[in-house]
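In: Build me a model from this:
(one chain, ligands or ions: 2)
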Amino acid sequence: MASAKGGSGKTVLTSTFASFLCALGKKVLMVDTDASTNGLTLMYLKEVMVQAELARSEKREPKGSFEISILKNYAEIVSLESGIDLIPSTFSFQNTEECEIAKFREGLKQILRDHSGNYDFIFLDAQAGSDSFAGFCMKRGVSDQVIIVSEYDPLSAAGIERLKGIFRDDLTYDRTWVLLNKMLPDFVQSFSDFLEVAKYLSPIPWDAEVVKSYARRRLALNLESGNEFTLAIIQTLRSFIGIEIEDEVNNWLNSRSALLREPIEIQYDDANREMKLLFKIIKSEERKQIRKRWLTLSMFLSAAFSLFFVIWNVTDDGMTRSFFKQKINNEQLLLVLLGIVTVFIPFILRDFIIPKTSIEDENTKDRLRRLQDRLEKLDSLRRANVDVLIKYNIKNSIIN
Ligand SMILES: Nc1ncnc2c1ncn2[C@@H]1O[C@H](COP(=O)(O)OP(=O)(O)OP(=O)(O)O)[C@@H](O)[C@H]1O
Ligand SMILES: [Mg+2]
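Out: Ligands and ions are numbered 1, 2, ... in the order given. As a prediction, the model looks like this:
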């Protein structure tokens, strides 16, 4: 991991790549080869100090990558909690910049000779710029692949070209990658497709979580339920060593997927249950309404009939009565009226008896609408692919 300018993110990314690969079950070693900042060593300072004490208690003077002298001693390995192994630049905290380049070269060669058979990946976190320490790490025969980590701005771009120019023989097209880091998130997607062709790895967006975590000597990587940064790292690693880790990455994503879908399923079931309950309430409310209206209607009809018969019986003369009296008697009239009532009135009053919208209450209507929306959202999330679930940090969210 090299860079033209300092602060581009080599150390953070070395450690992040190593952690993710380790989580996939790969054996990973990180070697701090940065004489000027000792970035990895400082990042894991606590573990380095503990290992130093342990070594000394076992009567051994621990040596970092700038401290081993060829054939006399070997580098002390610090096993980190994550499962990654680390060779720090120094255990004695002498000025590593004063280390002779010849000593460093031989030391690093020895480290690689001793360990390359034991690990799936070895990361060298090189010094920024084109000094001899970094130059040696980038050499063909020392490293297999070189990733130049850079920010995305014209000065940094010029820096990459300068580095490629200085180490023309080593930084050839077949083994050199450029990784743009801290890119504006909006740019990342539009660049991804084009970049791969130009030997650019899938870029990594600027992410506040990286800064916050770094301040606490942590990584923004989330191996439990994923996050946007973890997805970006996966993309980058896929663009770099895709085939070698494809199965492991897919297995990891599938296991996250099951984990992330679980709370969604629970929320979906709950929402479904709530919906059924709401419908039950609506139905019983509807039945209540219908009963009430039937009652009103029958009271209205019996009142109307009673009135009619009262008028019928008190009226002594008049055209209507004498006309009807000649043709039909009381019982027949009653039957005819009843017939009309039974056949036509329910049709005419259907809308009155059975309400068109059974949910009259605005609150219930609103609740139903919200519940329907929520169920739709949850259902689409149940079927969404794992990237979407991770991106929206589904694990900790309640879908409203
Ligand atoms: N993707 C990112 N988003 C936001 N901040 C980032 C990102 N990557 C790195 N940083 C921040 O950039 C700063 C420098 O990172 P880092 O120390 O890894 O760079 P470096 O290249 O190793 O620097 P040096 O050359 O000094 O060793 C840190 O504060 C880190 O949190
Ligand atoms: Mg660094």
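
In: and this structure, which residues reach ligand 2?
Out: Lys10, Thr11, Gly39 (CB under 5 Å from the ion). Placement of C-beta: from N, CA and C, glycine included.

In: any idea which helix or strand carries Val31?
Out: strand 28-33 (DSSP states H and E).

In: And the pLDDT at Asn400?
Out: For Asn400, the pLDDT comes out at 70.

In: so what secondary structure elements neighbour the longest helix seen in the chain?
Out: Longest helix of the chain, by residue count under DSSP state H: helix 228-314. Contacts defined by 3 or more CB pairs under 8 Å, 6 or more residues apart in numbering; DSSP states H and E place helix 228-314 against helix 10-23, helix 185-197, helix 330-348, helix 350-353, helix 362-383, helix 386-391.

In: most tightly surrounded among those?
Out: Ranked by mean neighbour count, the helices and strands packed on helix 228-314 are led by helix 10-23 with a mean of 24 (mean count of other CB atoms under 10 Å).

In: before we move on, back to that, will you turn the helices and strands packed on helix 228-314 into TSV that also has mean pLDDT?
Out: Below are these laid out as TSV (pLDDT from 0 to 100):
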stretch	mean pLDDT
helix 10-23	97
helix 185-197	64
helix 330-348	71
helix 350-353	62
helix 362-383	88
helix 386-391	83
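
In: so which of these comes closest to Lys212?
Out: Smallest distance to Lys212 across those (CB to CB): 12.0 Å, for helix 10-23.

In: contacts for stretch 101-120?
Out: Identification of contacts with stretch 101-120 by CB atoms under 8 Å, 6 or more residues apart in numbering yields 21, 26-29, 31, 33, 35, 65-71, 74-75, 85, 87, 122, 124, 132-133, 136-137, 142.

In: pLDDT averaged over it - what is it?
Out: 95.

In: Next, the buried residues of that stretch.
Out: Burial within stretch 101-120, assessed by neighbour count using 16 or more other CB atoms under 10 Å, is assigned to Phe104, Arg105, Gly107, Leu108, Gln110, Ile111, Leu112, His115, Tyr119.

In: mind listing which of the residues you listed are in helices?
Out: If you go by DSSP H, those have Phe104, Arg105, Gly107, Leu108, Gln110, Ile111, Leu112, His115 in helices.

In: And the second one, how far from Phe91?
Out: Same thing as Arg105. Note on Arg105: its distance to Phe91, by CB to CB, to the nearest Å, is 20 Å.

In: swap in the third one?
Out: Gly107 sits 13 Å away from Phe91, taking CB to CB as the criterion.

In: and if you look at Ser82?
Out: 20 Å.

In: How is the chain partitioned into domains?
Out: 10-221, 265-396 (automatic domain parsing).
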